[in-house]
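Colleague: Fold the following.
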Amino acid sequence: MKQNINKQTGFTLIELVVVITILGILAAIALPKFTAIQADARLAKMNGAMGSVKSAAAMAHATLLTRGYSSSYSGTPGIVIEGTVVSYTYGYPNAASIVPLAGLSEPDYVITGLTLPVIAAVDVNHTGGTANCTIGYTPPAIADTPPTYTVNATLAMCS
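Modeller: Numbers count the residues shown, from 1 in each chain. Okay, here's the model as predicted:
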């Protein structure tokens, strides 16, 4: 009996083409889903930042009230929260005080408009559509009213 010593093993060209085609189809299906997950993450980041702003404002307002000040107090009463001297506008922190209280800082967020009573937190780790993905905080304009919170972030804006 003669043995075939030169027997070659491996994949045929057809098998390789089939595998590459299947991988291409899977990649075409997975890529849009991955993009949607990134946009969801950016939107969740903005909503998380807004939650932080809301809780910081409520904490500062409650601290002011427990120290015996009026709910319509404006000024800087010398209250320090988390190392921040808080300035108040009608019982709530002003825009410059809310940013450190909420823990928003660069490079995760770009804080703009601090000369106005509005802050904007923008996701800078994303280059497309980010300018529209913002949150805002406006202290009350009159006594005994809550601040205004705005979330300008939708899945389309943050993608």
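
Colleague: Please, which helix or strand holds Leu26?
Modeller: Element membership for Leu26, per DSSP states H and E: helix 13-66.

Colleague: For the next helix or strand after that helix, name the packing helices and strands.
Modeller: As assigned by DSSP H and E, the chain's next helix or strand after helix 13-66 is strand 80-81. Secondary-structure packing of strand 80-81 (3 or more Cβ pairs under 8 Å, 6 or more residues apart in numbering; DSSP states H and E): helix 13-66. All C-beta atoms are positioned from the backbone trio N, CA, C, and that covers glycine.

Colleague: Could I get the phi/psi values of Tyr149?
Modeller: Torsion angles at Tyr149 (phi, psi; degrees, to the nearest 10) stand at phi -110, psi 130.

Colleague: Can you verify my assumption that it contacts Ser55?
Modeller: No - contact criterion Cβ atoms under 8 Å: Tyr149 and Ser55 do not qualify, at 11.2 Å.

Colleague: Ile135 - how many residues pack around it?
Modeller: 26 (other Cβ atoms under 10 Å).

Colleague: Mind telling me what element it is part of?
Modeller: Following DSSP H and E, one finds Ile135 within strand 134-138.

Colleague: Show me what that strand packs onto, helices and strands only.
Modeller: Packed against strand 134-138, as judged by 3+ Cβ pairs under 8 Å, 6+ apart, are the following elements: helix 13-66, helix 95-102, strand 120-123, strand 148-152.

Colleague: Could you dump the ones you listed into CSV with mean neighbour count, mean pLDDT and distance to Pro77 added?
Modeller: Below are the helices and strands packed on strand 134-138 laid out as CSV (neighbours: other Cβ atoms under 10 Å; pLDDT from 0 to 100; distance: least, Cβ to Cβ, whole Å):
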stretch, mean neighbour count, mean pLDDT, distance to Pro77
helix 13-66, 14, 87, 7
helix 95-102, 22, 86, 12
strand 120-123, 22, 54, 26
strand 148-152, 14, 83, 23
